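In: Below are the sequence and a predicted model for it; my questions follow.
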Amino acid sequence: MTAVETTTWQEAAVVLLPDLVQLRRDLHAHPELGMALPRTQARVVEHLEALGLEVTPSTEHGGVTAVLRGAAPGPTVLLRADMDALPMAEQTGLDYASANGSMHACGHDLHVAGLAGAASLLAARRDRMVGSVVFMFQPGEELGEGAATMVAQGVLDAAGSRADAAYGIHVVPGDYGVFSTRPGPLMAGCLEFDVTVTGRGGHASAPHLTLDPVPPVGELVGALQSFATRRFDAFDPIVLTVTRLRAGGEALNIIEDTATLSATVRVLSEASTQRVKDEIPALVAAVAAAHGCTAAVELREVCPPTVNDPAAAEGALDTLRAVFGEERVRVSPAPVMGSEDFSHVLREVPGAFVFLRATPAELDPETVAPNHSPFVVFDDAILADQARALAALAWSHVG
């Protein structure tokens with residue numbers, strides 16, 4: 001695939017669409033997991049090198065960084081796509097469905113192809129660009145590791161100076177072709193924690209001679225729910241969900257020494273993140289101590305909240321309205337409590353993250369399968385608009 005020069009951006013995107021669909025379906029049929037994405041990385045490098053970009057594939061993981069320099073110095077814009085899939089067996093029945101036990105159930109295959117298309121659109125106009133565009137193709141988004149790793153390795157400075165703005169687009173089910181975003185918090189940050197309560201085991205017929213770790217773990221489920229709903233402002237909420245409880249062994253007449261609990265927490269602010277880090281270990285220790293037990297907490301911050309810069313978000317909404325019309329652009333009414341590791345980029349650079357709805361026309365957007373379902377499907381005709389939107393967001397700075 002090479003750069004395409006035609007009269008308008010829209011015409012160029014339409015010309016590119018068959019190649020973008022082919023790329024997307026190839027990636028969809030051969031998904032890769034985590035940080036090591038050799039096949040995906042090779043396809044991305046092939047496309048970008050054909051455009052004459054400065055391409056740097058990582059030798060430590062599956063990421064790719066590419067720089068497009070304009071005809072004159074100016075601002076730098078970063079555009080990002082994530083590339084990894086999910087460890088789940090696809091059940092869509094598509095003729096290009098994955099058969100390797102993994103699936104692009106979150107649309108990352110479209111993200112890669114859409115950004116590849118934006119690179120083609122922008123490369124065709126490099127002689128009119130004032131500034132540079134950095135293309136960030138990252139691994140490991142589903143692990144919460146990829147963006148932070150590439151930021152630490154210098155992707156934000158790949159053009160020679162710090163990026164002035166950053167944008168990403170994520171496909172979701174819904175009314176086909178509708179974009180949405182909002183100033184401020186758009187998606188939640190994510191923390192996870194594991195609790196191990198240690199007591200003293202013994203015979204189930206004589207619990208008074210033991211320090212049974214099961215009752216404090218059971219009590220913690222309720223205490224943690226109260227912590228989430230009674231200690232945080234309703235306008236800066238957290239969502240805390242206990243997802244795993246483990247206690248005991250094969251024999252039903254034995255009280256084991258330990259019992260464990262695991263949970264995930266979603267937060268919308270850095271302040272709430274810090275409170276969770278500070279206060280959950282104290283709460284857990286207090287409940288365990290009330291039962292004569294001890295507790296250890298292992299708490300991990302997977303990613304921070306995705307917070308759009310207000311000016312960048314308003315600018316993105318204006319750009320998308322100008323390109324696609326008022327009827328296809330909405331202001332998101334509230335944040336989404338899912339998480340996204342593009343947050344690591346937006347922590348460092350002002351920018352915005354945007355949702356793009358891509359449910360096929362023959363399906364009801366109200367009842368279709370969500371992201372991360374083995375049944376989720378997207379209409380890859382959306383790739384022309386996705387490429388054009390990313391290119392337009394960059395062009396609003398360098399055009």
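Out: Now that the structure is in, tell me what you want to look at. This one's a predicted model, so the numbers in the text were calculated from it and none came from an experiment.

In: what's the distance between Gly218 and Thr241?
Out: Distance of Gly218 to Thr241, computed by C-beta to C-beta, to the nearest Å: 16 Å. Any C-beta I mention is one placed from the backbone N, CA and C, and that applies to glycine too.

In: Of those two, which one has the most company?
Out: Taking other C-beta atoms under 10 Å, Gly218 and Thr241 do not tie; Gly218 has more neighbours (15 against 12).

In: And for the more buried one, nearest residue in space, chain neighbours not counted?
Out: Leaving aside its sequence neighbours, Gly218 sits nearest to Leu245 (C-beta to C-beta, 6 or more residues apart in numbering; 8.0 Å).

In: How confident was the prediction at the one you found?
Out: Looking at Leu245, its pLDDT reads 97.

In: Ok, Met129 next?
Out: 96.

In: what's the burial count for it?
Out: 22.

In: Leu68 is in contact with that one, correct?
Out: Yes: shown here, Met129 and Leu68 form a contact pair, counting by C-beta atoms under 8 Å, at 7.4 Å.

In: For the stretch 251-399 of the chain, which segments are assigned as helices?
Out: Secondary structure of the stretch 251-399 of the chain (DSSP state H, counting those that start in this stretch): helices at 270-290, 310-324, 343-346, 383-398.

In: Among these, which comes closest to Glu250?
Out: Glu250 sits nearest to helix 270-290 of all those, at 25.0 Å, using C-beta to C-beta.

In: Can you name the residues in contact with that closest one?
Out: Contact with helix 270-290 is made by 189, 191, 193, 195, 197, 216, 219-220, 223-224, 227, 231-232, 236, 238, 265, 267, 294-295, 297, 299, 301, 304-305, as judged by C-beta atoms under 8 Å, 6 or more residues apart in numbering.

In: Give me the average confidence score over it.
Out: The predicted model assigns helix 270-290 a mean pLDDT of 96.

In: Could you list the buried residues of it?
Out: By neighbour count on 16 or more other C-beta atoms under 10 Å, the buried set for helix 270-290 is 272-273, 275-277, 280-281, 283-285, 287-288.

In: Val284 versus the residue most central in space within the chain, what's the distance?
Out: Residue closest to the average C-alpha location in the chain (C-alpha atoms, centre = their mean): Glu340, at 2.9 Å. Distance of Glu340 to Val284, computed by C-beta to C-beta: 28 Å.

In: Likewise for Met35?
Out: 31 Å.

In: re the thing from before, what residues does the residue nearest to Gly218 make contact with?
Out: So Leu245 contacts 217-218, 221, 259-261 (C-beta under 8 Å, 6+ apart).

In: now with 10 Å?
Out: 195, 214, 217-218, 220-221, 259-263 (C-beta atoms under 10 Å, 6 or more residues apart in numbering).

In: give me the low-pLDDT residue ranges for this protein?
Out: 1-7 (pLDDT under 70).

In: just to revisit the earlier point, what sits in contact with each of Met129 and Leu68?
Out: 77, 122-123, 394, 398.

In: which of those count as buried?
Out: 77, 122-123, 394, 398.

In: hang on, the earlier thing: so among the contacts of helix 270-290, which ones count as buried?
Out: 189, 191, 193, 195, 197, 216, 220, 224, 227, 232, 238, 265, 267, 295, 297, 299, 301, 304-305.

In: Tell me where the stretch 51-200 of the chain has strands.
Out: Ranges of strands within the stretch 51-200 of the chain are 54-57, 64-69, 72-82, 130-138, 165-172, 179-181, 184-187, 189-198, based on DSSP state E, counting those that start in this stretch.

In: can you redo the ones you listed as JSON lines with distance to Ala89?
Out: Shown next, in JSON lines, are the strands of the stretch 51-200 of the chain (distance: least, C-beta to C-beta, whole Å):
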{"stretch": "strand 54-57", "distance to Ala89": "29"}
{"stretch": "strand 64-69", "distance to Ala89": "27"}
{"stretch": "strand 72-82", "distance to Ala89": "21"}
{"stretch": "strand 130-138", "distance to Ala89": "25"}
{"stretch": "strand 165-172", "distance to Ala89": "21"}
{"stretch": "strand 179-181", "distance to Ala89": "31"}
{"stretch": "strand 184-187", "distance to Ala89": "27"}
{"stretch": "strand 189-198", "distance to Ala89": "24"}
